[in-house]
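1. Pasting the sequence and the predicted coordinates here, then a few questions.
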Amino acid sequence: MSEMITVNNLHKSFGKNEVLKGIDMKVKEQEVVCVIGPSGSGKSTLLRCLNLLEEVTSGDVFIEGDNLTGKNVNINEVRTRVGMVFQHFNLFPHMTVMENITIGPMKIKKVSKEQARKEAIPILRKVGLEEKADVYPESLSGGQKQRVAIARSLAMNPKIMLFDEPTSALDPELVGDVLEVMKDLGKEGMTMVVVTHEMGFAREMGDRVIFMDEGVIMEEDIPENLFGNPQHERTREFLSKVL
Amino acid sequence: MEAIMESHYIRVLPFLFEGLIWTLIITGVGLFFGFILGAIFGMGRLSKNKLIYGISSIYVEALRGTPILAQILFIYFGLPDLLGFNIDKISASIIAISLNAGAYIAEIVRGAVYSIDKGQSEAGRSIGLTRSQTMRYIIWPQAFKRMIPPLGNQFVISLKDTSLFSVIAVGELLYMGQQYYGTTFAAFEALTMVCLLYLAITVPTALYLRKVERRLDV
């Protein structure tokens, strides 16, 4: 299986504050990688470097072999292949659910409105919100909003999906629906990088779990090993607090 | 009845209506171009390009930092004197309102665009929209809604500012009132009607804006 994401010696600083201190990682096709760690460990920043929402300070990020830090990269084109789901959903409040989902295909892929709407319906069905097509985001619950956000990304037909703490802003009883959608995606073979505090999800769905602390990857392994027999003291400490 | 019809309160009106029309034309056309200038320089004030930011800032600060009376005199007497051209009063007035309102509108635009959550542009960019597409389809429609109340406010301010153009004898509302009492000496009647006509425009506008604002609040 081919490498979807390759990160080499990635550093990221905000001013004098170095948030990522040399990250190396690879994600293969169809792999689900979960990134865990205490807040401030740099895991969200790492994720945001994978589609250049954050400019990288040094090092390389490759998406399907394209070097994002190279000069000739068309970052807008790369981003159509890399979907991203945010903690706070970031739906477009002035657009209906359907418009949120079709704006990408219509404006970027120049698909006609009719065609875009037609293609959006199975995606909405997949996230269980077919009947909400014509409502505005404000009338949706947090869980529904996040599922629309996932649908919005899927409409671009991405090869990779990045999730930045997708359930952290949700009421506990709404987390399940979102995780279900993510599990379905994983089972269909979507390549996924998930920054999460949902250890149950990481354990069940992760092909690999990465533990980050203070800007470095402390430890990475299959979930059974990382959760069952962590090698580092910091990992043990973190897991004892969250499990 | 005849006494009322013969009173200065009534006889001044045909003059004032003519002035009011010019006041509205200067304000309307001025604000149209002012909005274009404001949009351009407001976005310039948000630019990371230092030159664009610098030029925009100089424009905004220069126009907000000088009185509009000085600006109109500069445009009507100063520049033609230096550059050797003629400009008619109405054009000079429209240019003055455009430039002056443009500076304030630039700040309105900047504030409204800046107030839109950063997550909105990140979401737009993350699906692959370009910077300008994100601005056009995601940020602007939301920001524009927030601009409506302050733009209405600017309309009221600019409308009142046109009265200053009476110094170059533009036939706007106040000037027409002055002309009337210049020959009739009915200053009280004429100026009362002038003010009532200003209020007839500004008060409904203010009430309407308060309604819009309340609706946007929810």
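-> Cool, the structure landed. Numbering: from 1, shown residues only, chains lettered A, B, ... in the order given.
2. Is the residue nearest the centre of chain B in a helix, a strand, or coil?
-> Nearest to the mean C-alpha position of chain B, counting by C-alpha atoms, centre = their mean, stands B:Ser158 at 3.7 Å. Here B:Ser158 is recorded as helix under DSSP: H, G, I helix; E, B strand; the rest coil.
3. Local confidence estimate at it?
-> What the model reports for B:Ser158 is a pLDDT of 97.
4. Quick check: end-to-end length of stretch A:127-136?
-> End-to-end distance of stretch A:127-136 (C-alpha to C-alpha, to the nearest Å): 16 Å.
5. Who are the packing partners of the helix or strand hosting B:Thr23?
-> In the assignment (DSSP states H and E), B:Thr23 maps to helix B:13-44. Under the contact definition 3 or more C-beta pairs under 8 Å, 6 or more residues apart in numbering or on different chains; DSSP states H and E, helix B:13-44 sits against helix B:50-64, helix B:89-115, helix B:140-161, helix B:173-184, helix B:187-217. Where C-beta positions appear, they are placed from N, C-alpha and C, glycine not excepted.
6. Could you give me the buried positions within that helix?
-> B:15-16, B:19-20, B:22-23, B:26-27, B:29-31, B:33-35, B:37-44 (16 or more other C-beta atoms under 10 Å in any protein chain shown).
7. Likewise for stretch B:177-185?
-> For stretch B:177-185, the neighbour count (16+ other C-beta under 10 Å) marks B:177-181 as buried.
8. Pick the one among the residues you listed closest to A:Arg117.
-> Set against A:Arg117, the nearest of those by C-beta to C-beta is B:Gly177 (58.6 Å).
9. Buried ones in stretch A:28-36, by neighbour count?
-> Those would be A:31-36, for stretch A:28-36 by 16+ other C-beta under 10 Å.
10. Stretch A:234-241 too?
-> So stretch A:234-241, judged by 16+ other C-beta under 10 Å, has buried residues A:234-235, A:238-239.
11. and which of those is nearest to chain B?
-> Of all the buried residues of stretch A:234-241, chain B sits closest to A:Phe238, with 27.3 Å by C-beta to the nearest C-beta.
12. how about A:His232, phi and psi?
-> Phi and psi for A:His232, reported as degrees, to the nearest 10, are phi -100, psi 150.
13. Give me every residue in chain A lying close to chain B.
-> A:51, A:53, A:76-77, A:79-80, A:82-84, A:86, A:88, A:90-94, A:103-104, A:107-108, A:149, A:152-153, A:155-156 (C-beta under 8 Å from any C-beta of the partner chain).
14. Out of those residues, which end up buried?
-> The neighbour count (16+ other C-beta under 10 Å) marks A:51, A:53, A:79-80, A:82-84, A:86, A:88, A:90-92, A:94, A:103-104, A:107-108, A:149, A:152-153, A:155-156 as buried among the residues of chain A next to chain B.
15. I'm done for today, thanks for sticking with me.
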